[in-house]
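1. structure for the following, please:
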Amino acid sequence: MLSLATKRNWKGRQTGEWQSKSTWHRIICWGRLADYAAGFTKGAHLQVEGEITTREYAPQSGVKKTITEVRAIQIAKLARPKKDSESAPESQGAAA
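-> Numbers count the residues shown, from 1 in each chain. The predicted structure follows:
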């Protein structure tokens, strides 16, 4: 099992300010896929394909909770995009 965060950014209609929301997902995998996933480090960019399942459980507190999980069938590690500060600046000067 691993946790995966997705981040959504949008500009608010009323305020015009940028807003952000991160959502955490529980990824379940078995066998060789689990061995592969064990090598991921924090911050790795991943593409996960699988089945979304929802289940309920009642912990000792007695309050029912619902969990949404992704039962992974394929996981791919993606290359991290370069940040603007890492890319080479474009030349803006005139040729002499």
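2. please count neighbours and contacts with C-alpha atoms only from this point.
-> Fine.
3. now residue 70: how far from residue 38?
-> Residue 70 sits 16 Å away from residue 38, going by C-alpha to C-alpha, to the nearest Å.
4. quick one, which of these two is more surrounded?
-> Comparing residue 70 with residue 38 by other C-alpha atoms under 10 Å, the one with more neighbours is residue 70, at 18 against 11.
5. tell me which strands the helix or strand hosting the more buried one pairs with, and in which orientation.
-> When elements are assigned from DSSP states H and E, residue 70 belongs to strand 65-78. For strand 65-78, the paired strands and their directions (DSSP bridges) are strand 18-28 (parallel), strand 45-57 (antiparallel).
6. does residue 32 count as helix, strand or coil?
-> Following DSSP: H, G, I helix; E, B strand; the rest coil, residue 32 is assigned to helix.
7. let the chain start at 14 from now.
-> From this message on, residue numbering opens at 14, which makes the last subject residue 45.
8. show me the contacts for residue 21.
-> Residues in contact with residue 21 (C-alpha atoms under 8 Å, 6 or more residues apart in numbering) are 33, 34, 35.
9. if you could redo that for residue 82, that was the one I meant.
-> 38, 39, 40, 41, 65, 66, 67.
10. now, of those, which are buried?
-> The neighbour-count test (16 or more other C-alpha atoms under 10 Å) marks 39, 40, 41 as buried among those.
11. gap between the first one and residue 49?
-> For residue 39, the distance to residue 49 under the criterion C-alpha to C-alpha works out to 16 Å.
12. now swap in the second one and tell me
-> Taking C-alpha to C-alpha as the measure, residue 40 and residue 49 are separated by 13 Å.
13. swap in the last one?
-> Between residue 41 and residue 49 the computed distance is 12 Å (C-alpha to C-alpha).
14. show the contacting residues for residue 83.
-> With C-alpha under 8 Å, 6+ apart as the criterion, the residues that contact residue 83 are 38, 39, 40, 41, 63, 64, 65, 66.
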